[in-house]
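Colleague: Could you work out the structure for the sequence below:
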Amino acid sequence: MYPIDFTNCTANDVIARSVTCHPTLFAERLRGIASIHGQAATTMHDRQAVKISRQMAADCREMADRLDHGELLDGLSFSQRIIAFNAAAKLQCVNDSLARSIIAR
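Modeller: Predicted structure coming up:
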C-alpha cells in the first residue's frame with residue numbers, strides 16, 4: 001500500500017499515489033473525463049469555450065496514454081495538474097472540502 005497523510009500532502013502526492021496504486025483505473029478515469037469534455041465541446045457555440053474543452057480532452061487522453069505506457073505524470077502543465085488531481089482525488093474518495101484544502105497548498 002501507499003500511505004498518505006491527507007492533512008499534509010500536496011496535489012502531487014495525491015497524483016503520485018494514484019499513479020502507483022491504480023494506474024489503470026486512473027487512466028480509465030482520465031479517458032472518461034476526456035469523453036465528457038469532448039461531448040461538451042460539441043454542444044458549445046463559443047469558439048473559445050470549444051477550444052478550451054477540446055484541449056482539456058486532449059490533455060486527459062495524453063495523460064491516460066502516458067499511464068498506459070508506464071510513465072510517471074511529471075512535468076504536467078497547470079491545467080493538466082488540476083485535471084489529474086481532481087481525477088486522483090475522486091479515485092481516492094477525497095471529499096471536496098479536503099480536496100480544496102490540498103490543492104490550495
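Colleague: Please make it C-alpha for all contacts and neighbour counts, starting now.
Modeller: Fine.
Colleague: center of the protein, which residue is that?
Modeller: Centroid check for the chain by Cα atoms, centre = their mean gives Ala84 as the closest residue, at 1.7 Å.
Colleague: how about the helices of the protein, start to end?
Modeller: All helices of the chain, identified by DSSP state H, fall at 11-21, 23-43, 47-68, 78-91, 96-104.
Colleague: quick one: contacts of the shortest one?
Modeller: Helix 96-104 is contacted from outside by Phe6, Thr7, Asn8, Cys9, Thr10, Ala11, Asn86, Ala89, using Cα atoms under 8 Å, 6 or more residues apart in numbering.
Colleague: The second one and Ala104, how far apart?
Modeller: The span separating Thr7 from Ala104 equals 12 Å under the rule Cα to Cα, to the nearest Å.
Colleague: which residues do the two both contact?
Modeller: Taking Cα under 8 Å, 6+ apart as the contact rule, Thr7 and Ala104 have no neighbour in common.
Colleague: circling back: would you enumerate the residues in contact with the residue nearest to the centre of the chain?
Modeller: Ile15, Leu30, Cys60.
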